[in-house]
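Undergrad: Whatever this is, show me its structure:
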Amino acid sequence: MSQPQTILPLIAIVGPTSSGKSALAVWLAEHLEGEIVACDSTQLYRGFDIGTGKPDPAARRGIPHHLLDVLEAHEAATAGEYREMAERVLASLASRGRLPIFTVGTGLYLRALLEGLADAPPRSEQLRERLRVSAREHRSGHLHRILKRLDGQAAGRIALSDEQKLIRAIEVCLVAKKSISEVHRGGGKPLSGWRPLKIGLLPPRELLYERIHARTDDMLEHGWLAEVEELAARGTADNSKPFDFIGYRDLLAVSRGLRSVDQARAAIQQATRRYAKRQLTWFRKEEEVRWFEGFGDHPVLQSDVLRWVHHQLRPAGRQGTAGSV
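TA: As a prediction, this is how the structure comes out:
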């Protein structure tokens, strides 16, 4: 008879931007012999640091962080490729007896890792280019309107300005000859050998918005505009995907004298509030999340989370096999 598969725990911290996921992750890593794995499509890119909220060396407090700065600006990021990278990191952590702690900003990446991806059709560069040209030739929202006709459910999940996701969704619909939602329902191969413990942060909305505004101010004060100017000076193409991340195109316009810093600040704060709403909508649909009300850097919440994690780990720690889950 084959030996039962050992099931190892992994922690996934979900929540809106500015809710303190990174602070909580570092604190838990210090208490649980863990290492942090970023699960955020924006933090994969080198050079895009301040605006993507990457924790700086001081905030990391010596805890190893994985899947930061692994792509160049011209490279495409996909959920499938993220899963492959994350699985390699998990194998390394398992071999060293370290607890993975994921900080999740991109819900699709977590779903791809834990549940797998449906068998979607491959990319069609010819179709993609036709869609890009069509978007340039029509008024704003053209791609979103196309997707809404093909798959209203998918259109409701994708922002009007996210051209990359809109193009991929339309591409899947047209090539597969069915909605992308239907393709995704086909399922994929779930992650095996790991038991996810999902922790959700749910701070009060008004306080969250205050933090979003203060965080934007802090990013601007600590060189976000200079970061954008340096990226442009290095020859980073304007149409690079990372320039579509919140704030970067606004500040690119500031660097070229097309708008003021205050105009950019207001636009960034508004876009970030909307993004936080979309994140919460997604994460509330995530199954088996243990929600904690408050911010991840609050000592009382941190202690509550640690107690909950210890309680969850005890049965698995005693038995250590698939029967313990």
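
Undergrad: Which residues are in contact with K21?
TA: Applying Cβ atoms under 8 Å, 6 or more residues apart in numbering to K21 gives the contacts 13-15, 103-105, 201, 296. For the C-beta atoms, the positions are set from N, CA and C on the backbone; glycine is no exception.

Undergrad: okay, those in CSV with secondary structure next?
TA: Below are these laid out as CSV (DSSP: H, G, I helix; E, B strand; the rest coil):
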residue, secondary structure
I13, strand
V14, strand
G15, coil
T103, strand
V104, strand
G105, coil
L201, strand
G296, coil
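
Undergrad: could you flag which of those are buried?
TA: Neighbour-count burial (16 or more other Cβ atoms under 10 Å) applied to the contacts of K21 gives 13-15, 103-105, 201, 296.

Undergrad: my guess is R61 contacts L28, does it?
TA: No - counting by Cβ atoms under 8 Å, R61 does not reach L28; the two are 11.8 Å apart.

Undergrad: Settle it for me: which of the two has more neighbours?
TA: A count of neighbours by other Cβ atoms under 10 Å puts L28 above the other of R61 and L28, at 22 against 12.

Undergrad: Could you give me the buried positions within whatever helix or strand the more buried one lives in?
TA: Per DSSP states H and E: L28 is located in helix 21-32. The neighbour-count check on helix 21-32 (16+ other Cβ under 10 Å) flags 21-29, 32 as buried.

Undergrad: Which is the succeeding secondary structure element to that helix?
TA: Toward the C-terminal end, the helix or strand that comes next after helix 21-32 (DSSP H and E) is strand 34-39.

Undergrad: For that next one, which helices and strands make contact with it?
TA: Here strand 34-39 touches helix 21-32, strand 65-66, helix 79-96, strand 99-104, helix 107-115, going by 3 or more Cβ pairs under 8 Å, 6 or more residues apart in numbering; DSSP states H and E.

Undergrad: how does it look with 7 Å?
TA: Packing partners of strand 34-39 (3 or more Cβ pairs under 7 Å, 6 or more residues apart in numbering; DSSP states H and E): helix 21-32, strand 65-66, helix 79-96, strand 99-104.

Undergrad: residue boundaries of the helices in the stretch 151-300 of the chain?
TA: Residue ranges of the helices in the stretch 151-300 of the chain, as given by DSSP state H, counting those that start in this stretch, are 152-155, 163-176, 180-185, 205-221, 224-233, 248-255, 261-284, 299-319.

Undergrad: Of all those helices, which one is nearest H66?
TA: helix 299-319 (19.6 Å; Cβ to Cβ).

Undergrad: could I get that closest one in PDB with only the CA atoms?
TA: What follows is helix 299-319, C-alpha atoms only, in PDB (Å, rounded to 0.1, in the frame of the first residue of the first chain):
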ATOM      1  CA  PRO A 299      -1.600  44.100  17.900                       C
ATOM      2  CA  VAL A 300      -5.000  42.800  19.200                       C
ATOM      3  CA  LEU A 301      -5.900  41.500  15.700                       C
ATOM      4  CA  GLN A 302      -2.500  40.000  15.300                       C
ATOM      5  CA  SER A 303      -2.800  38.100  18.500                       C
ATOM      6  CA  ASP A 304      -6.300  36.900  17.600                       C
ATOM      7  CA  VAL A 305      -5.100  35.600  14.200                       C
ATOM      8  CA  LEU A 306      -2.200  33.800  15.800                       C
ATOM      9  CA  ARG A 307      -4.500  32.100  18.300                       C
ATOM     10  CA  TRP A 308      -6.800  31.000  15.400                       C
ATOM     11  CA  VAL A 309      -3.800  29.700  13.400                       C
ATOM     12  CA  HIS A 310      -2.500  27.700  16.300                       C
ATOM     13  CA  HIS A 311      -5.900  26.200  16.800                       C
ATOM     14  CA  GLN A 312      -6.100  25.200  13.100                       C
ATOM     15  CA  LEU A 313      -2.600  23.800  13.100                       C
ATOM     16  CA  ARG A 314      -2.900  21.600  16.200                       C
ATOM     17  CA  PRO A 315      -4.900  18.700  14.600                       C
ATOM     18  CA  ALA A 316      -2.600  18.700  11.500                       C
ATOM     19  CA  GLY A 317       0.500  18.900  13.700                       C
ATOM     20  CA  ARG A 318      -0.500  15.900  15.700                       C
ATOM     21  CA  GLN A 319      -1.300  13.600  12.800                       C
END
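
Undergrad: mind checking how far that helix is from the chain centre?
TA: How far helix 299-319 lies from its chain's middle: 24 Å, per Cα atoms, centre = their mean, to the nearest Å.
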